[in-house]
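Engineer: Sequence plus predicted model, see below.
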Amino acid sequence: MGVIVVVVVVVALGAYFAVTYHPSKKVVSPPPTVTKPTVTVVSNQTITLAPPNPNELVDISWTASPDCLDPATGFYVQDEEIFNVVYQELVTWNPSNIFQVEPMLATNWTISSNYENYTFTLRQGVYFTDGEAFNATVVWFSFYRTILMGQGPGISNYARILFSYTKYFETGYAIPWGACHALAYATGNNAYISNATLCAYALANVLSNFNVNNATIQKLMTYPNQAIVVLGPYKVEFNLLRPYRFFLLDIAAWWGAMVPPAYVDAHGGVQPNSINSYLCQYGAPGTGPYEIQSVTGTPGEFTEIVLKANPNYWGNNYPPGSLPVLDQPAHIQIIDIKFSMSHSDRVELFASNDAQISYVSPPFLDQIYTAWPYSKYLPPQSIIRLLGYQPAGVLYISMNTEEWPTNCTDFRLAVVHAINYTALLYTYYSPLLNTTLAELYLGPSNPAYAPFYNPDNLPMYSYNPNLAIEYLNKSGWECNFYTVLPNGTVIGNPSGQKLPTIPITVIPPVTPLVEEQLEIIAQDLSQIGIPTSVEYATTAESDTWVTPSATPLMVDLGWIPDWPDPLYQLVYSILNVINGGISGNMAWFNNSVVNELTAEMPFVTNETEQLQMLAEVYNITYWQAPYVWLPWAEYYDIVQPYVKGFIWTWDGYFYNTMYYQPVTLYVITYSNGTQVIEYSNGTIISMTSTS
């Protein structure tokens with residue numbers, strides 16, 4: 001908790017004097033010339049805030065379930081806290097600088113001057129929790145597996161870097177570049193070069209029967225002209241298709257996670273464009289400070305996941321303080337994560353000290369603070385950890401541009417002008433903090449990335465029901481439908497099909513805040529003749545949204561850049577058709593100019609040229625309106641004061657950095673009505689007077 005300097009005016013016998021408290025000082029005595037009344041201590045109370053079980057932390061902050069426990073498939077923010085501490089990557093985040101990384105499974109690395117080649121020296125003496133050793137062949141296996149499986153993490157994060165998106169688009173297979181030539185070299189079968197299907201399944205067969213002592217596999221992994229090359233037992237080289245200076249930030253998250261080959265092969269192996277259902281359900285052994293002890297529920301509908309400290313974690317062998325902060329061993333033995341709990345449970349369990357981390361929407365912060373028994377002693381900031389807007393992304397209602405009627409451009413323009421954005425923003429107002437914990441913006445980028453945000457200063461979409469009706473009437477004639485306004489007026493083509501109810505798909509549970517936003521949106525759209533309903537899908541079901549026909553017409557969701565590059569990880573991800581569906585572009589927006597620009601922008605070295613390209617993308621997107629841009633919320637969590645080491649990174653928090661330190665409060669009440677509250681170190685927290 002930050003130091004609070006309080007200036008209090010105390011009234012006593014008609015004399016006024018100011019008292020300033022500093023963290024290193026006690027109460028400053030009044031000037032000697034002032035007659036001080038006789039004041040006695042009425043009560044002296046000691047309160048200790050501590051966990052009920054020092055070996056367990058309960059986190060109930062997540063209102064939705066992880067979609068999958070396999071880092072090559074799981075692709076939701078509620079996955080990240082588990083993935084952060086069970087699996088590990090070659091590098092990890094520097095908590096003090098989002099544009100820097102620190103060593104994790106790699107001890108050091110070199111980067112070529114053109115940012116195309118990255119060579120890593122790997123940490124030795126690292127083992128997975130099933131006993132398998134970590135080495136360079138594991139790196140090759142893990143990355144090739146993630147890409148070949150063709151799920152959101154691999155497609156979104158390595159297209160145009162480690163595999164050709166053009167070939168993926170043509171063949172339907174994501175294959176690390178050069179891998180087919182490597183197979184031909186290792187086996188003598190040149191058919192792998194020209195036949196993508198043959199190559200993909202041959203590579204899957206290698207990964208599903210991964211014997212590093214096999215001479216053919218060794219020859220395959222050491223072939224020099226491919227995405228990843230094994231240079232030695234603890235040395236590996238990444239060769240990028242394009243120069244990219246943010247590559248280290250890319251692989252710092254869970255799509256760069258290492259998994260044990262033998263375990264994967266014993267539990268389903270690897271298939272092109274397919275998930276591993278066993279690993280989605282149970283996860284895999286990792287090299288991290290925690291391992292998965294138990295799971296309750298199924299992917300997309302998990303209700304509880306329990307982690308336990310890894311007793312054989314490699315970090316245990318290093319002196320305290322010698323490792324980067326995110327590499328440190330676990331301090332708390334058990335992490336119990338409960339998902340999809342009701343609002344009342346998230347309030348009550350935190351108030352009763354049965355949970356250490358919780359969450360409620362901004363309008364209800366006063367509710368959880370008031371329910372907390374120490375609110376009469378400590379300010380809201382004692383439990384509300386405000387974390388800012390990073391990582392910054394977009395929240396949206398996507399509109400499927402490939403399916404009727406949301407494939408009609410004027411229909412989408414009607415929607416974006418029918419919604420009252422000020423009303424949506426107000427749903428984030430916190431009476432307790434007297435502020436709105438969100439901001440409006442115009443996508444596809446976010447103000448946090450200025451100057452890479454709205455370079456032409458396009459205006460926000462206006463809330464203009466009359467304009468929305470004009471657009472809807474026009475789209476009715478263009479797309480052969482009609483609808484009826486609340487006053488009975490028919491708009492559109494009366495000879496066409498009557499506009500059906502349009503479902504807005506959400507992933508439950510629906511929080512009170514989201515529920516209120518959906519009510520506002522439904523009311524606004526009904527005023528222009530668009531009837532809507534709310535439909536529900538689990539996170540696991542959303543993993544099947546890989547074609548336009550499988551993707552709902554409208555989806556209430558969002559996108560957070562996987563690393564801090566707004567051009568490649570935000571604009572490209574949600575607008576380029578290569579990322580259609582769950583890989584990022586939920587609207588299946590497919591504009592040839594935007595596809596070309598978004599694919600090139602990240603790799604242009606001239607910022608002025610990048611901004612010109614971004615401005616063109618903004619203008620096209622503005623008038624095509626594939627998304628309704630919803631307010632972007634500020635991050636915060638509700639955390640008990642005795643939880644220390646709560647470190648916020650680009651990928652959320654890491655349980656292994658957390659530890660318990662009981663907090664002692666001394667509450668002293670004086671006869672003149674003054675009450676002083678101190679921490680055990682003598683720092684005065686607050687002082688109140690009732691006289």
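Structural biologist: Looks like it arrived, so ask away. Numbering: from 1, shown residues only.
Engineer: got any ranges where the protein has weak pLDDT?
Structural biologist: Counting by pLDDT under 70, the chain shows low-confidence ranges at 1-37, 674-676, 678-691.
Engineer: Could you tell me which other helices and strands the helix ranked longest in it packs against?
Structural biologist: Ordering each helix of the chain by length in residues (DSSP state H) puts helix 607-624 first. When contacts are defined as 3 or more C-beta pairs under 8 Å, 6 or more residues apart in numbering; DSSP states H and E, helix 607-624 sits against helix 409-418, helix 592-600. Bear in mind the C-beta positions are built from the backbone N, C-alpha and C, glycine included.
Engineer: got the buried residues for that helix?
Structural biologist: 610, 611, 613, 614, 615, 616, 617, 618, 621, 622, 624 (16 or more other C-beta atoms under 10 Å).
Engineer: tell me the contacts of the last one?
Structural biologist: So that's residue 624. 401, 409, 412, 589, 591 (C-beta atoms under 8 Å, 6 or more residues apart in numbering).
Engineer: Skipping adjacent residues, who's closest to the fourth one in space?
Structural biologist: Right, the one you point to is residue 589. residue 626 (4.1 Å; C-beta to C-beta, 6 or more residues apart in numbering).
Engineer: Surely the one you found and residue 397 touch.
Structural biologist: No - counting by C-beta atoms under 8 Å, residue 626 sits too far from residue 397 to count as a contact (10.2 Å).
Engineer: Neighbour count: these two, which is higher?
Structural biologist: Regarding residue 626 and residue 397, a neighbour count based on other C-beta atoms under 10 Å identifies residue 626 as having more, with 26 against 23.
Engineer: Let me see the contact set for the more buried one.
Structural biologist: Per C-beta under 8 Å, 6+ apart, neighbours of residue 626: 398, 399, 401, 412, 575, 587, 589.
Engineer: Run the chain-centre distance for the longest helix of the chain.
Structural biologist: Remark: helix 607-624 is offset 25 Å from the chain centroid, using C-alpha atoms, centre = their mean, to the nearest Å.
Engineer: and the next element down the chain from it?
Structural biologist: strand 627-630 (DSSP states H and E).
Engineer: hang on, the earlier thing: adding distance to residue 365, write the buried residues of helix 607-624 out as JSON lines.
Structural biologist: What follows is the buried residues of helix 607-624, written out as JSON lines (distance: C-beta to C-beta, whole Å):
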{"residue": "610", "distance to residue 365": "39"}
{"residue": "611", "distance to residue 365": "38"}
{"residue": "613", "distance to residue 365": "41"}
{"residue": "614", "distance to residue 365": "36"}
{"residue": "615", "distance to residue 365": "38"}
{"residue": "616", "distance to residue 365": "41"}
{"residue": "617", "distance to residue 365": "37"}
{"residue": "618", "distance to residue 365": "34"}
{"residue": "621", "distance to residue 365": "34"}
{"residue": "622", "distance to residue 365": "35"}
{"residue": "624", "distance to residue 365": "38"}
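Engineer: Please enumerate the helices of the stretch 251-400 of the chain.
Structural biologist: 261-266, 277-282, 343-351, 365-371 (DSSP state H, counting those that start in this stretch).
Engineer: which ones are touching the residue positioned nearest the centre of the chain?
Structural biologist: The residue lying closest to the centre of the chain (C-alpha atoms, centre = their mean) is residue 77, at 3.6 Å. Shown in contact with residue 77 (C-beta under 8 Å, 6+ apart): 560, 652.
Engineer: swap the cut-off to 10 Å and go again
Structural biologist: Listed by C-beta atoms under 10 Å, 6 or more residues apart in numbering, the contact partners of residue 77 are 62, 64, 66, 391, 393, 558, 560, 651, 652.
Engineer: Buried members of those into PyMOL, please.
Structural biologist: Selection of buried members from the contacts of residue 77 for PyMOL, criterion 16+ other C-beta under 10 Å:
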select buried, resi 62+64+66+391+393+558+560+651+652
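Engineer: Distance of the residue nearest to residue 589 relative to residue 233?
Structural biologist: Between residue 626 and residue 233 the computed distance is 48 Å (C-beta to C-beta, to the nearest Å).
Engineer: now residue 412
Structural biologist: Residue 412 is 55 Å from residue 233, where distance means C-beta to C-beta.
Engineer: Of these two, which one has the most company?
Structural biologist: residue 412 (25 against 13).
Engineer: who's in contact with that one?
Structural biologist: 399-401, 405-406, 471, 475, 554, 587, 623-628.
Engineer: Mind listing the shared neighbours of residue 626 and residue 397?
Structural biologist: 416, 586, 587.
Engineer: tell me the phi and psi of the residue lying closest to the last one once chain neighbours are set aside?
Structural biologist: This points to residue 587. Closest residue in space to residue 587, ignoring its immediate chain neighbours: residue 626 at 3.7 Å, by C-beta to C-beta, 6+ apart. With angles defined as degrees, to the nearest 10, residue 626 sits at phi -80, psi -20.
Engineer: For residue 291, see how far away residue 626 is.
Structural biologist: 41 Å.
Engineer: Residue 352 against residue 52, yeah?
Structural biologist: Yes - with contact defined as C-beta atoms under 10 Å, residue 352 reaches residue 52; the gap is 9.2 Å.
Engineer: anything in contact with each of those two?
Structural biologist: Listed contacts common to residue 352 and residue 52 are nil; contacts here mean C-beta under 10 Å, 6+ apart.
Engineer: that's a helix at residue 588, yeah?
Structural biologist: No - counting by DSSP: H, G, I helix; E, B strand; the rest coil, residue 588 is not part of a helix but coil.
Engineer: For stretch 445-465, C-alpha coordinates in CSV please.
Structural biologist: C-alpha atoms of stretch 445-465 as CSV (Å, rounded to 0.1, in the frame of the first residue of the first chain):
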residue,chain,number,x,y,z
SER,A,445,-6.4,0.8,-31.9
ASN,A,446,-6.4,2.1,-28.4
PRO,A,447,-5.3,5.6,-27.1
ALA,A,448,-2.6,3.9,-25.0
TYR,A,449,-0.6,3.4,-28.2
ALA,A,450,-0.4,7.0,-29.4
PRO,A,451,0.7,8.0,-32.0
PHE,A,452,-0.6,4.7,-33.4
TYR,A,453,-4.1,5.6,-32.5
ASN,A,454,-6.6,7.3,-34.9
PRO,A,455,-3.9,9.3,-36.8
ASP,A,456,-6.4,11.3,-38.8
ASN,A,457,-8.5,12.1,-35.7
LEU,A,458,-11.7,10.7,-37.1
PRO,A,459,-14.8,11.5,-35.0
MET,A,460,-16.3,9.0,-32.7
TYR,A,461,-19.5,7.3,-34.0
SER,A,462,-22.3,9.6,-33.0
TYR,A,463,-25.4,8.5,-31.1
ASN,A,464,-27.9,9.5,-33.8
PRO,A,465,-31.1,7.3,-34.0
